[in-house]
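>>> Coordinates only, no sequence provided:
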């Protein structure tokens, strides 16, 4: 048993064809919307596209070692001295591979050579103690 409307019984299939095309178009739009929704990350303020989110993470990782220099730098004297800031950055760079050993007193030797010698002796004592 089948039912057809009066217009269709008269031989006009245009209405059915239009309805089928409309249903097909709506189905296609629903599929596209679902895929867009699946590619989004919900947040409190809206959604992010995964590609945008990955791009943002990559950008932040590429800038993670950047040094931020503020517009003004307070110093002990209350003035703004960028030379001191640059010197501090250079000092930190020169010490980035240093090893800090707790429990060894700081050397009070007046020269750099004597301080290095003291540090070498202290480290040698620790190593000898560990491997005796």
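Great, that's in hand. Note that the structure is predicted; figures quoted are calculated from it, not measured. Numbering: from 1, shown residues only.
>>> ok, which stretches of this protein are strands?
For the chain, applying DSSP state E gives strands covering 40-42, 47-49.
>>> mean pLDDT for those: which is lowest?
Lowest mean pLDDT of the strands of the chain: strand 40-42, a mean of 62.
>>> and this structure, what are its domains?
The chain breaks down into these domains under automatic domain parsing: 6-62, 99-132.
>>> mean pLDDT for these: which is lowest?
domain 6-62 (a mean of 76).
>>> can you point me to the longest helix in the chain?
helix 14-38 (DSSP state H).
>>> so what does it touch, helix or strand wise?
For helix 14-38, the elements it packs on are helix 6-9, judged by 3 or more Cβ pairs under 8 Å, 6 or more residues apart in numbering; DSSP states H and E. Yep, even glycine has a C-beta here, placed from its N, CA and C like the rest.
>>> Quick check: residue 92 vs residue 86, distance?
Applying Cβ to Cβ, to the nearest Å, the value for residue 92 to residue 86 is 11 Å.
>>> Next, count neighbours for residue 27.
Counted with other Cβ atoms under 10 Å, residues neighbouring residue 27 total 10.
>>> Tell me the spacing between it and residue 21.
From residue 27 to residue 21 the distance is 11 Å (Cβ to Cβ).
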